[in-house]
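Undergrad: task: produce atomic coordinates for the following.
(3 chains)
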Amino acid sequence: MIAVDLPYWAQSLLRVLGGTVAVLLPAGAIVYLFLFKMMSFMQSRLGPMEAGPYGSMQLFAEVGKWLQKEDIQPENADKKIFKIAPLIVLVSTFLLVAVVPFGPDAYFTDFEAGIFYALAVSSVSVLGILIAGWSSANKYSLLGGLRAAGQLIAYELPMVLAVIGVVIQAGSMNLNQIVVQQNAGSMFGWDGLGNPYLLTQFVGFVVFMIAVQAELTQAPFDMPIAESELVSGYMTEYSGFRFLIFFIAEFATVGVFTLIASVLFLGGWGIPFSWFGWGSLDDVDNWMNIVGPLIMLTKMFALSALVMWVRFSYPRLREDQLQRFAWKVLIPVSVINIMVTAVLKVVF
Amino acid sequence: MTDLVDRQKLSYIAAQAADARLNVELETEGMTLNIGPQHPATHGTLRIIVRLDGEQVVWADPGAGYMHRGYEKLTEVRTFPQVTTLINRIDWLGSFANEVPFILAAEQLMDIEAPPRAQWIRTILFELSRIANVSLFLGDLGVQLGAITPVFMAFRDREYVLNLIEGATGGRFHPNFDRIGGLKDDLPKGWIDETRQVMKKLRNFCDEIENLLFGNKIFQDRTRGIGVIPPAVALQYGMSGANLRASGIDWDLRRDQRIALAYDKVDFKVWTHPDGDSFARCWIRLQETREATKIVDQLLDGIPSGPVMAKVPRIIKVPAGEAWVSTENPLGEMGYYVVSQGELGPFRVKIRTASFNNISIVPWVLRGVYVPDIITILASLYFILGDIDK
Amino acid sequence: MAPLSDAPDAPALASDTLRESIVDTLRSRLGDAIVDVKLVPGVDLWVRVRTDAWRDAGLALRDMGFHYFCFLSAIDWMPSPYGRGEDDPTAPPPERKTEIVQGYTGGETRFQVFARLTDLERHVGITIKADVADVVDAADGDHVIDSWVTNYAGANWHERECHEMFGIRFAGHPDLRNMYLPTDFEGHPLRKDFPLLARHVKPWPGIVDVEPLPDEGDDAAAGEGASDD
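TA: Numbers count the residues shown, from 1 in each chain, chains lettered A, B, ... in the order given. The predicted model follows:
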């Protein structure tokens, strides 16, 4: 990346710091821009305005507030599991960001089966949510945890199936390769835009975004939280910094999933309409390593704005309706998408 | 119990038949869950104990009384004019509407009729309190189902109505404006024009809510077919207001009884819906809010001039007798059975509140529904705790 | 269900044919169970039935078309020994009337249950009353009358409230527990001999000597503190 030979410990340190920034910065930005401001404007109110200019320091204030709260654990709760659960959810986010490419050489790890690893690791958070619900010794949390288990597992499948279409088209599971294929490729012969899978895999994109909305337990799929029924679902008994971890994890995961979605469907770190004729990954200029992360951030904001917009607008589906939607609608649609993609890939 | 075809129960059983065959082998114990008294979904401190089998309700039992203030006992130690202060607080969202039936009952016993101007203004304020009450319901409906945005629009537009009520009576929530024989005061200058403007805004609000919430497919999935109450059952339990009309029964006390308010001078439509499910109840309230704005417009056009207070003695002693007056309040039928023995205060006042009867149907209607449907049904039945608990 | 049609401002009819026909039909069904009737033409109708015919009266009315159950409650006709809670705690309690005087359609007992039903087709309501026997049930000290739960399912909650407030037990009610008050509450609050505790814990401030305004020495004392707001 940089033309300096760093010792291994320095590189690792840089990776750790970079990973933390890559997770926390999108989380903070999404919370401020969308949760505090966009939601408020949609609801014809201003949102936080006191802490910092236009309320920009509100998240810091809230973090400070949560950190100094008393650590309350229900007496009947299974203490060890109760404490581990939020960490599991947060760790899965960090593991997920490890594989996202921000530029041709700006990545943390470069797995050959990058997307396979990403999908596998994203399911780890399900465990965290389930054990949070179960160990809280609270019937509402239990209901939330059980609903979460059913929902999150059900929506893993459409996510995976939607991604398979992308993998077929790209011919590789490596995320950097997918980016290059999108930018360097061509759609049915036309070269102007490259081959963003947003257009050619439109069905897959829609299925993936819906599945992401469900994986993040955002409305209309927020039955596990279901604020008006279960108070906070699996998070009910968590307060103080444990709740902070859940909160950060929720929005960080929004950020990371939308980063992955922009890699898979929007062309990753490539600038639209300007690929400068690079043939393969090694041809790409070094300045893309600086510009790449900015491009990724922009695309991430665009997609997470979409996710949040849907969250604030829709009522929630009942969980049998959501399960029906996943099993009877999304999975058949994504399977058909795979078949059509495979056929077209062979034909063209 | 009476013999009724339990439509809702049959449809659920039919849908669960396949599951039931499987579940026999995986027999698990049920869970007893306490919804409330502190819960985001109950409008106040209502406690519902449900016994669940998985996510399905097997048995439900509401426990009211966390807010019981003993109004019926308190009225016995008050004079007639002092009772209005108390009863303002029964249904605190549509507060002027609570005073009216009591005042009318006292006037019936004293054989006094309020002057026409007072009757018209009473009717206008009555409809304004209906709008204030039901617009909050429309916003709150979204929140119960997960849509967090409509409630802000509801509160924003409701502020206009509350400002109007405050302008006329001096109190946003507890006007205490009705007096035996008329009203405390006349309307302030400019109030009528401003009310016309506000009614236009509220019609816009109703359109917005209709687009945002009622047209949403998810909302329809969550509310259609949920909590079906057949008309015969509704009558047995004494459901009233929009809940009754949603089951297809065409009964509206504003049109169907003669009362000393100005409803016979205006044209309005009484909305009914054949389905009797949650969607019907919500939809009817939306239409009734629009209808209320039209009623107010018509009333504003024709207010007669004159005094707002009839000649009543300074110290009010109501002659002995019994009177029952009920009106079509925002929540349903609210009435007062006033027993007087010629003293300064009532001997006994029986307060018949709409939500008490509306919620008495909860054990019947919640059998066999899922936990999220409990919230939907409670939201669509629409109760205020002060109304249940008096 | 047609709305009220005719004569918008017809004077109160000297004879109210609708209500009279209801009374006649009821008499033909219940016979001498009807003890007293009060009909105010154009206004309302009150009927009192014998205690043992309470359930049958409800059934008869339901069959006659009174499908809408409005409410069911009770009245304690004994005058309150505490007056209106304004007694000066330092002075001995004043002499009060103790004679029990019932209201419309009379009565012979201290407690009466009454219910209101509405006929939505004919736009008419009826208030039906019955005495509750003064003899208490030795087992639990409650006065007993039949339950209306078989007539109207909605009576369930109303009878529960009546039971806890007045101590009237409804025979045949499946689940007569307290509605508003905690399960272990002692006493029946709406009875007149149950004191309004707030007025006993702290005397009502209205009886405390209020200094009259400088010019209104007599006016301030007149009217027992009652004014129209």
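Undergrad: my read: B:F214 touches B:I284, true?
TA: No. Under the criterion of Cβ atoms under 8 Å, B:F214 is not in contact with B:I284, lying 11.4 Å apart. For every residue, glycine as well, the C-beta is placed using N, CA and C.
Undergrad: okay, those two: which has more neighbours?
TA: Counting neighbours by other Cβ atoms under 10 Å in any protein chain shown for B:F214 and for B:I284 shows that B:I284 has the greater number, 23 against 16.
Undergrad: surely that one meets B:L244?
TA: No. Applying Cβ under 8 Å as the test, B:I284 and B:L244 come out as separate, 9.6 Å apart.
Undergrad: ok, now which ones touch C:D52?
TA: C:33, C:146 (Cβ atoms under 8 Å, 6 or more residues apart in numbering or on different chains).
Undergrad: looks to me like C:D56 is in a strand.
TA: No. Counting by DSSP: H, G, I helix; E, B strand; the rest coil, C:D56 is located in no strand; its state is helix.
Undergrad: quick check: B:G167 is in a helix.
TA: Yes. Counting by three-state DSSP, B:G167 is found in a helix.
Undergrad: spit out the contact partners of it.
TA: Counting by Cβ under 8 Å, 6+ apart, B:G167 touches B:188, B:191, B:194.
Undergrad: of the residues you listed - the most surrounded one?
TA: Result: B:W191 is most packed of the contacts of B:G167 (other Cβ under 10 Å), 16 neighbours.
Undergrad: phi and psi next, for B:E291.
TA: phi -60, psi -40 (degrees, to the nearest 10).
Undergrad: how about the secondary structure of the closest residue to it other than its chain neighbours?
TA: Leaving aside its chain neighbours, B:E291 sits nearest to B:F268 (5.3 Å; criterion: Cβ to Cβ, 6 or more residues apart in numbering or on different chains). Three-state assignment for B:F268 (three-state DSSP): coil.
Undergrad: from memory B:F268 sits against B:T293, does it?
TA: No. With contacts counted by Cβ under 8 Å, B:F268 stays clear of B:T293, the gap being 10.4 Å.
Undergrad: for the most centrally placed residue in chain C, what are its contacts?
TA: Taking Cα atoms, centre = their mean as the criterion, C:I75 is the residue nearest the geometric centre of chain C, at 3.7 Å. Shown in contact with C:I75 (Cβ under 8 Å, 6+ apart): B:339, B:348, B:350, C:103, C:111-112, C:114.
Undergrad: which of these sits closest to chain A?
TA: Closest approach between the contacts of C:I75 and chain A, by Cβ to the nearest Cβ: B:K350, at 34.2 Å.
Undergrad: the closest one: neighbour count?
TA: By other Cβ under 10 Å, 21 other residues sit near B:K350.
Undergrad: and if you look at B:R172?
TA: By other Cβ under 10 Å, neighbour count at B:R172 equals 16.
Undergrad: confirm it sits in a strand?
TA: No. B:R172 is assigned coil when assessed by three-state DSSP, not a strand.
Undergrad: remind me, longest helix of chain A?
TA: Ranked by number of residues, the top helix in chain A under DSSP state H is helix A:139-170.
Undergrad: in that helix, what's buried?
TA: For helix A:139-170, burial by neighbour count (16 or more other Cβ atoms under 10 Å in any protein chain shown) applies to A:140-152, A:154-170.
Undergrad: could you list the low-pLDDT ranges of the stretch 101-250 of chain A?
TA: For the stretch 101-250 of chain A, the stretches with pLDDT under 70 are A:189-193, A:226-231.
Undergrad: which elements pack onto the helix or strand where A:S12 lies?
TA: Here A:S12 sits within helix A:8-30, counting by DSSP states H and E. In terms of contacts (3 or more Cβ pairs under 8 Å, 6 or more residues apart in numbering or on different chains; DSSP states H and E), helix A:8-30 is packed against helix A:79-97, helix A:241-265, helix A:288-313.
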